[in-house]
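Student: Requesting a structural model of the entry that follows:
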Amino acid sequence: MLNTSQSSNTTTAAGPVMPVSVNQNGHAKSAHAAGKEATDVKGTGKSDAAKNGVADSQDRFLKLLVTQMKNQDPLNPMDNAQVTSQMAQLSTVSGIDKLNATLNALSGSMISSQSMQSASMIGRVVVVPGNKIELKGGTGAAALDMKQPADKVTVQIKDAAGNVIRNMDLGSQPSGIVPIQWDGKNSEDTKMGEGHYQFSASAQLGSEKSSITTLSYGLVSGVNKKAEGASLNVDQIGETSMDSVKQIL
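Tutor: Modelled structure (predicted):
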């Protein structure tokens with residue numbers, strides 16, 4: 001049996017006893033470890049508020065992973081393959097988000113550059129899809145976009161009400177852009193007044209109809225900067241995308 005002095009000596013020899021706490025799984029933790037965890041939780045509060053998007057997702061994932069590893073059953077530890085797979089997935093998502101941000105920045109730069117280049121087209125005449133033909137100075141000009149050759153091409157000139165006032169037989173035509181010149185006369189050989197008219201066209205190859213698109217001439221009066229790219233304001237035709245411009249005169 002130990003006396004009082006012996007008990008005191010024993011305590012002094014072993015050093016001071018560190019207080020312990022018990023976590024939710026019943027495992028003992030030292031006060032130093034418990035204090036460090038409390039500090040970590042308190043310290044991450046401000047960083048969580050400052051993070052967003054992918055950075056916030058990474059932070060939450062790592063916290064959950066560390067907590068899971070701390071509280072894992074020693075007899076049934078986590079599968080390393082699962083941890084590696086989760087980390088790879090997180091890295092992939094982060095990489096995709098960074099790539100999207102880079103592509104968005106490049107897209108914005110290209111749109112701005114395209115708008116600046118398109119500004120040089122103001123005052124130029126362009127050939128774009130349309131059915132308008134202007135009679136000015138006694139003549140009118142338009143064009144056709146022939147997807148394939150045709151044995152017979154016919155153009156119908158129409159007034160503002162859509163009534164056909166002249167049929168023009170252009171004969172056989174090759175594929176590509178085919179210009180049209182109208183002398184301003186109707187079917188009775190009467191000179192029509194200057195202004196804006198409409199036209200349509202048909203083409204036939206053998207016994208079948210050939211694909212054809214009517215084109216109009218227009219003066220570029222302005223440029224619009226849009227999310228999908230720059231577009232042009234063309235007099236008498238309206239807003240037209242850069243991709244639809246067939247020729248610049």
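Student: just the helices in this structure please.
Tutor: Ranges of helices in the chain, per DSSP state H, are 4-14, 31-50, 53-70, 80-119.
Student: in this protein, what secondary structure element scores lowest on mean pLDDT?
Tutor: The weakest-scoring helix or strand in the chain, judged by mean pLDDT, DSSP states H and E, is helix 4-14 (a mean of 40).
Student: mean pLDDT for the helices of the chain: which is lowest?
Tutor: Of all those, helix 4-14 carries the lowest average pLDDT, namely a mean of 40.
Student: buried set for the lengthiest strand in the chain?
Tutor: Identified as the longest strand of the chain according to DSSP state E is strand 212-226. Neighbour counts over strand 212-226 (16 or more other CB atoms under 10 Å) mark 212, 214-220, 223 as buried. (Glycine included, C-beta is placed from N, CA and C.)
Student: Check which helices and strands that strand sits against.
Tutor: If you count contacts as 3 or more CB pairs under 8 Å, 6 or more residues apart in numbering; DSSP states H and E, strand 212-226 packs onto helix 80-119, strand 125-129, strand 132-136, strand 139-146, strand 195-205, strand 229-234.
Student: could you give the angle of the third one to strand 139-146?
Tutor: What separates the directions of strand 132-136 and strand 139-146 is an angle of 150 degrees, with axes from the mean of the first three to the mean of the last three CA atoms, to 10 degrees.
Student: What of the second one?
Tutor: For the pair strand 125-129 and strand 139-146, the angle between their directions (the same axes, to 10 degrees) equals 50 degrees.
Student: Pull up the pairing partners for strand 125-129, direction included.
Tutor: Sheet partners assigned to strand 125-129 using DSSP bridges are listed as strand 212-226 (antiparallel), strand 247-248 (antiparallel).
Student: what's next to it, contact-wise?
Tutor: The contact list for strand 125-129 (CB atoms under 8 Å, 6 or more residues apart in numbering) reads 143, 145, 177, 213-220, 232, 234, 237, 240, 244-249.
Student: Counting neighbours, what do you get for the closest residue to S187 other than its chain neighbours?
Tutor: Spatial nearest neighbour of S187, excluding adjacent residues (CB to CB, 6 or more residues apart in numbering): R166 at 5.4 Å. For R166, the neighbour count with other CB atoms under 10 Å is 21.
Student: With L205 instead?
Tutor: Using other CB under 10 Å, L205 is surrounded by 16 other residues.
Student: and it, what does it touch?
Tutor: Per CB under 8 Å, 6+ apart, neighbours of L205: 148-151.
Student: Need those residues in JSON lines (columns: distance to K63 and pLDDT).
Tutor: Formatted as JSON lines, these follow (distance: CB to CB, whole Å; pLDDT from 0 to 100):
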{"residue": "Q148", "distance to K63": "65", "pLDDT": "91"}
{"residue": "P149", "distance to K63": "70", "pLDDT": "92"}
{"residue": "A150", "distance to K63": "71", "pLDDT": "93"}
{"residue": "D151", "distance to K63": "75", "pLDDT": "93"}
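Student: just these now: which is nearest G137?
Tutor: Nearest to G137 among the contacts of L205, counting by CB to CB, is A150 at 29.5 Å.
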